[in-house]
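Chemist: Predicted model and sequence below, questions to follow.
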Amino acid sequence: MTEQAPRGTQLPGPYEIQRVADEHGITLRMRGHGSSARNADVRRAPVAPRPLLSLRSRRCQANCQTHASVDGPARETWNARYRERGTEPGPPSEWLVSNAALLEGTRALDLACGTGRNSLFLAARGFTVNALDISEVAVQALRGTPGVHAHVADLEREPLPRDAYDVIVLINYLQRDLFAPVAAALAPRGIVIAETVTRAHADELRRAFDRRFLLEPGELRRAFPGLAVRRCEEGLVQRAGRPRAVASIVAQRPS
């Protein structure tokens with residue numbers, strides 16, 4: 001059966017999203033696992049990507065990728081990584097999924113989108129998604145996906161549009177000077193859903209990280225002073241079956 005996953009309904013996990021192409025276009029296919037899981041296909045005709053921002057990109061990922069220009073080594077590092085491991089998207093962020101009931105509107109922005117795991121989740125719920133990433137390989141794999149407009153982007157060099165998005169997703173991405181522009185890019189009642197690792201990730205798990213790209217205790221809660229915090233958590237959690245010390249927030253612009 002072909003259906004639209006209803007807005008405001010939390011989809012149980014774990015599950016996976018697949019892109020299946022046929023003569024009717026591309027289907028975003030959600031497949032659940034377990035007795036309570038539900039399956040859903042969202043089929044639309046192919047949509048040609050439309051330019052939103054003429055951006056180039058930099059990316060700081062939670063595994064301590066340093067900031068760099070789109071023309072620098074970071075882009076080549078991520079391009080090589082995607083060529084090696086492939087571009088099939090994984091499951092969407094658990095933090096995003098757990099807050100699905102709060103998603104409203106039609107316009108979404110996925111920053112550091114990678115191969116599009118969160119973009120696909122949002123598109124399957126009826127959003128038009130602008131997906132930005134440093135990797136040309138990842139972006140190219142995502143282009144042509146219904147409801148998703150993927151671009152190579154440099155968020156350090158060009159501003160985000162103001163009052164433009166109902167949902168902005170910042171998962172495993174830390175660029176401190178982007179907090180204020182993200183808040184300004186939200187439409188009235190728009191929400192930002194963010195999560196990334198904290199200093200405790202290095203301290204508790206005894207892993208080597210560049211601490212410039214780790215959140216300080218309580219930092220994410222203070223990152224969006226003009227927004228209302230709907231939900232905020234910080235601590236050691238399981239993400240994709242692995243322990244991670246993260247800070248997570250859902251913050252909303254007033255109407």
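Modeler: It's in. Residues are numbered from 1 along each chain as shown.

Chemist: Now do the strands in this structure.
Modeler: Here the chain has its strands, by DSSP state E, at 15-22, 25-32, 40-44, 107-111, 128-133, 148-152, 165-171, 186-197, 228-239, 242-252.

Chemist: Mean neighbour count for these - can I get that in CSV?
Modeler: (C-beta placed from N, C-alpha, C; glycine too.) Shown next, in CSV, are these (neighbours: other Cβ atoms under 10 Å):
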stretch, mean neighbour count
strand 15-22, 15
strand 25-32, 18
strand 40-44, 18
strand 107-111, 26
strand 128-133, 26
strand 148-152, 22
strand 165-171, 25
strand 186-197, 23
strand 228-239, 14
strand 242-252, 20
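
Chemist: Of those strands, which shows the lowest average pLDDT?
Modeler: When the strands of the chain are compared by mean pLDDT, strand 40-44 comes last with a mean of 40.

Chemist: rewinding a little: could I get the strands of the chain as TSV with distance to residue 84?
Modeler: TSV is the format used below for the strands of the chain (distance: least, Cβ to Cβ, whole Å):
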stretch	distance to residue 84
strand 15-22	20
strand 25-32	25
strand 40-44	30
strand 107-111	23
strand 128-133	17
strand 148-152	19
strand 165-171	22
strand 186-197	23
strand 228-239	22
strand 242-252	20
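
Chemist: Excluding chain neighbours, what is closest to residue 214?
Modeler: With sequence-adjacent residues excluded and distances taken as Cβ to Cβ, 6 or more residues apart in numbering, residue 214 is closest to residue 199, at 4.7 Å.

Chemist: isn't that neighbour right next to residue 217, touching?
Modeler: Yes - the pair residue 199 and residue 217 passes the contact test of Cβ atoms under 8 Å, sitting 7.1 Å apart.

Chemist: Which one's more surrounded, these two?
Modeler: residue 199 (16 against 11; other Cβ atoms under 10 Å).

Chemist: what's near enough to touch that one?
Modeler: By Cβ atoms under 8 Å, 6 or more residues apart in numbering, the residues touching residue 199 are 211, 214-217, 245.
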